[in-house]
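# next one to model:
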Amino acid sequence: MVKGHGVVRGFCLIGVAGMLAVGAGCAETKRLRQENQQLNENLTSLQQENAELSSKASRYESELNRLENSKRALEAKLQGTGATVRIKDGAVSVSLPGSVLFDSGQTTLRPQSKATLRRIAGILKSDASAEMVRIEGHTDNDPIMKQKDKYKSNWELSAARAAAVLHYMVEECGVSPTRIYIAGFGQYQPVADNKSKTGKAKNRRVEFVIVPRGAGG
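Numbering: from 1, shown residues only. Okay, here's the model as predicted:
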């Protein structure tokens, strides 16, 4: 009898072990399924991110091509005017030397500059008619000397020069006042080193930045 009970007990233990093994196997299977589901979700998320990045890269390349084409077209139309064209902060910018537009320390437009401004106005009214235009005044870092009573700093001088150009573009050239505005940066956005006369001359400039609608600020 004792021996029989031992056999029965052994079978019971084997049965319990088997059930435990089956239970452990089910738990492992469930865990693996959950991990697989999580991996699939991660894969889907990565695929979506990749598609979004590809779309952004495509839009960026398309916009860069548009800007490059606009830059080349403007360069061709402005040959011989002294203007330079560059891509600046995601927009096309036309820059005119201060010496073309103004006498030293002055804000009255030189008569000989007006033909160039009319040419630029024509482009703004045709090729860039759907965009905003920011007219920026820039100076070198020389402090105001002769007209310090009128202009406290290069900020005021640069803004006054930008305003003089704006008034001419609107009042004499017919550019809509609803799509044009000014900014005076003084000496704080140089394009060259102010240590040389050549550098200073490059920094004294007025820029026409053609800004897409909605990004004008």
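# which parts of this protein are strands?
84-88, 91-97, 132-138, 180-186, 205-211 (DSSP state E).
# list the contacts of the first one.
Yep, that's strand 84-88 we're talking about. Residues outside strand 84-88 that contact it (CB atoms under 8 Å, 6 or more residues apart in numbering) are Leu67, Glu68, Lys71, Leu74, Glu75, Leu78, Val92, Ser93, Val94, Ser95, Glu207, Val209. In this view, the C-beta of every residue, glycine as well, is placed from N, C-alpha and C.
# swap in 6 Å and give it another go.
For strand 84-88, contacts defined as CB atoms under 6 Å, 6 or more residues apart in numbering pick out Leu67, Lys71, Leu74, Glu75, Ser93, Val94, Ser95.
# partner strands of it, with direction?
The pairing partners recorded for strand 84-88 under DSSP bridges are strand 91-97 (antiparallel).
# other residues contacting the strand it pairs with?
67, 70-71, 82-86, 205-211.
# helices of this structure, start to end?
2-77, 98-101, 114-126, 154-171, 197-203 (DSSP state H).
# Ala130 is in contact with Ile210, correct?
No. Using CB atoms under 6 Å as the test, Ile210 is too far from Ala130 to be in contact (10.0 Å).
# which of these two has more neighbours?
Ile210 (21 against 9; other CB atoms under 10 Å).
# got a pLDDT number for that one?
At Ile210, the pLDDT value in this model is 95.
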